[in-house]
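Colleague: Coordinates for the following, if possible.
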Amino acid sequence: MIYRDATRADLPAIDALFRTSFVATFGHLYAPRDLADFLAGFTPEAWAGEFAEPELRFRLAEDERGLAGFAKTSGLTLPAEATAPAHELRQLYLDERAKGSGAAQALLDWALEQGRARGAEEMWLSVYVDNRRARRFYEKNGFEDRGAYAFMVGEHADEDRLMRRIL
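Modeller: Purely as a prediction, here's the structure:
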């Protein structure tokens, strides 16, 4: 696996991996209209807008087949009650082939380092309440459940859990 910072040229591949992974993992939870409305927010212009944000960073994991995963960090956007300067892991998605490869750990380690480099003392994220694999992974990495968060997919409110790790 090779890890590198994303470039603007990587945005179509990031979008494709995000859509494939999100639908494969969560698509069965939603009415088709809610899922379509949610995914409609992820346009080429929206990805480009995020990429242009100075505080937002993307990191890629690539193998011989191409993009295998990505992570995205920024300043805190979640409705979390931070008690110190905070950073956020906004997304961490893997292609199915990359699960169990160590890519998730490498991308999370990078995200934690991004927070530290920006003076954060806390790292926050949200994770779907029934995504047990992800929750175990984050708990193993020192994240603690800090309460419920309504993550909207179209008109459907998922229960996510806000999680925090002290850096």
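Colleague: Flag every buried residue along stretch 80-90.
Modeller: Ala80, Ala82, Ala86, His87, Glu88, Leu89, Arg90 (16 or more other Cβ atoms under 10 Å). For the C-beta atoms, the positions are set from N, CA and C on the backbone; glycine is no exception.
Colleague: Those residues in strands, which ones?
Modeller: Those of the buried residues of stretch 80-90 mapping onto strands are Ala86, His87, Glu88, Leu89, Arg90, per DSSP state E.
Colleague: any chance of the residues you listed in CSV, with pLDDT and distance to Arg8 too?
Modeller: Compiled in CSV, those are given as follows (pLDDT from 0 to 100; distance: Cβ to Cβ, whole Å):
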residue, pLDDT, distance to Arg8
Ala86, 98, 27
His87, 98, 23
Glu88, 98, 22
Leu89, 98, 22
Arg90, 97, 18
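Colleague: Now render those as a markdown table, adding distance to Ala61.
Modeller: Formatted as a markdown table, these follow (distance: Cβ to Cβ, whole Å):
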| residue | distance to Ala61 |
| --- | --- |
| Ala86 | 25 |
| His87 | 20 |
| Glu88 | 19 |
| Leu89 | 14 |
| Arg90 | 16 |
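Colleague: Show me which positions of stretch 141-159 end up buried.
Modeller: Neighbour-count burial for stretch 141-159 flags Phe143, Arg146, Tyr149, Phe151, Val153, Gly154, His156, Asp158 (criterion: 16+ other Cβ under 10 Å).
Colleague: my guess is the fifth one contacts Pro32, does it?
Modeller: When you say that, I think you mean Val153. No. Val153 is beyond contact range of Pro32, at 11.4 Å (criterion: Cβ atoms under 8 Å).
Colleague: how about the strands of the chain, start to end?
Modeller: 2-5, 57-63, 66-75, 86-94, 122-128, 144-153, 156-166.
Colleague: Distance-wise, check Ala18 relative to Phe42.
Modeller: I think there's a mix-up here, since residue 18 is Phe and not Ala. From Phe18 across to Phe42, the span is 7 Å (Cβ to Cβ, to the nearest Å).
Colleague: returning to what we had before: pipe the strands of the chain into a markdown table and attach distance to Ala36 per row.
Modeller: A markdown table is the format used below for the strands of the chain (distance: least, Cβ to Cβ, whole Å):
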| stretch | distance to Ala36 |
| --- | --- |
| strand 2-5 | 31 |
| strand 57-63 | 25 |
| strand 66-75 | 22 |
| strand 86-94 | 19 |
| strand 122-128 | 19 |
| strand 144-153 | 10 |
| strand 156-166 | 12 |
